[in-house]
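Novice: Pasting the sequence and the predicted model now:
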Amino acid sequence: MFESALKAGAIATTMRVGRLHRRAVPVLAVAVAALLAGCAQRDSITVGAIPDDYRTNHPIVIAEKNLKIDLPVGAGDRGMTGSQRDTLLGFLEGYDKSAAPALTIQVPSGSANEVAATAAARDFARLAVASGVKRNRIVVTSYQAASSEASAPVRVAYVSVRAQTDKCGRWPADLGDTSENKHYADFGCSYQNNLAAQMANPADLLGPRKPSTIDAENRGAVIDIYRTRGISGEFLGNSEVTY
């Protein structure tokens, strides 16, 4: 009687273990599948909770930027000098004539060189018109100089749409702390700034330009030459490879 009870208990225990084992196998399979799916996604931009890509940390954006330059004027100057002319022409190279933003020329008031700065500002305006800036887009104003005993510059400025990114130099954490194996905060910032500065037309970042009209006559001439000439012997001789 006692032996029968022991056998029945052993059989029941074996059945419970079997049921637990059958339940554990699907759960284990689901966990392994989840881990493998996680390994397959390696794009930190998509799945990372904290961005770890320099293009995400330092994105290039297109926005308006106030470009300005201070042209020093001596109290004894009589109009625009050659150095001021070259500097201003270089500054106006970035002026977008199609957009035609307002060009502001600010003359110091109450400074030691107020008379000379006024004369130079008139020459600056004439040079801007000669460079392609519309006359009605030039605004001449004045600003209060900080001291009446010192000379103040003439400020020339205009607003331009530029590709730009945030300023570099953020070091919020110790570079030696690499336990997470992630980029430091300033990583890639200078690269993004240099790339943005090289964009002659910021609109190229938004999408491709409209293709220009095809020169059908030139295309036909090129195709005719290709058909009639064939492959030259010189090309075949230079293209052969000797092992």
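Specialist: Good, I have the coordinates. Numbering: from 1, shown residues only.
Novice: Please name the bridge partners of the closest residue to D96 other than its chain neighbours.
Specialist: The spatially closest residue to D96, leaving aside those adjacent along the chain, is S160, at 6.2 Å (CB to CB, 6 or more residues apart in numbering). Backbone N, C-alpha and C define where each C-beta goes, glycine included. With beta bridges defined as DSSP bridges, S160 has these partners: K65.
Novice: was I right about S160 contacting I62?
Specialist: No: applying CB atoms under 8 Å, one finds S160 not in contact with I62, separated by 11.0 Å.
Novice: Could I get the pLDDT score of A10?
Specialist: pLDDT for A10: 46.
Novice: sorry, that was for G82
Specialist: On the pLDDT scale, G82 gets 94.
Novice: How many residues are close by it?
Specialist: Number of residues near G82 (other CB atoms under 10 Å) recorded here: 7.
Novice: so how far is D70 from it?
Specialist: 18 Å (CB to CB, to the nearest Å).
Novice: G220 too?
Specialist: For G220, the distance to D70 - CB to CB - is 56 Å.
Novice: which of the two has more neighbours?
Specialist: With neighbours defined as other CB under 10 Å, G220 and D70 compare such that D70 has more, 13 against 10.
Novice: residue contacts, the residue nearest to D96?
Specialist: Residues counted as contacts of S160 (CB atoms under 8 Å, 6 or more residues apart in numbering) are 64-65, 67, 94-96, 99, 101.
Novice: Any of these buried? List them.
Specialist: Applying 16 or more other CB atoms under 10 Å to the contacts of S160, the neighbour count classes 95, 101 as buried.
Novice: Return the member of the contacts of S160 nearest to D215.
Specialist: D96 (27.9 Å; CB to CB).
Novice: okay, that closest one: pLDDT?
Specialist: At D96, pLDDT is 88.
Novice: so how far is R155 from it?
Specialist: On the measure of CB to CB, D96 and R155 end up 20 Å apart.
Novice: Quick check: nearest residue in space to K68, chain neighbours excluded?
Specialist: A157 (3.6 Å).
Novice: If you count neighbours, what's buried in stretch 84-102?
Specialist: Buried positions in stretch 84-102, judged by neighbour count with 16+ other CB under 10 Å: 84, 87-88, 91-92, 95, 101.
Novice: Please read the previous query as pertaining to stretch 129-145.
Specialist: The neighbour-count check on stretch 129-145 (16+ other CB under 10 Å) flags 133, 137-138, 145 as buried.
Novice: Could you tell me the end-to-end distance of it?
Specialist: Separation of the first and last residues of stretch 129-145 by CA to CA, to the nearest Å is 27 Å.
Novice: where along this protein do the helices fall?
Specialist: 2-40, 44-47, 54-57, 82-92, 114-130, 189-197, 216-229, 233-239 (DSSP state H).
Novice: any idea how far the fourth one is from the chain center?
Specialist: Relative to the centre of its chain, helix 82-92 is centred 27 Å away, using CA atoms, centre = their mean, to the nearest Å.
Novice: so that helix versus helix 114-130, what angle?
Specialist: 50 degrees (axes from the mean of the first three to the mean of the last three CA atoms, to 10 degrees).
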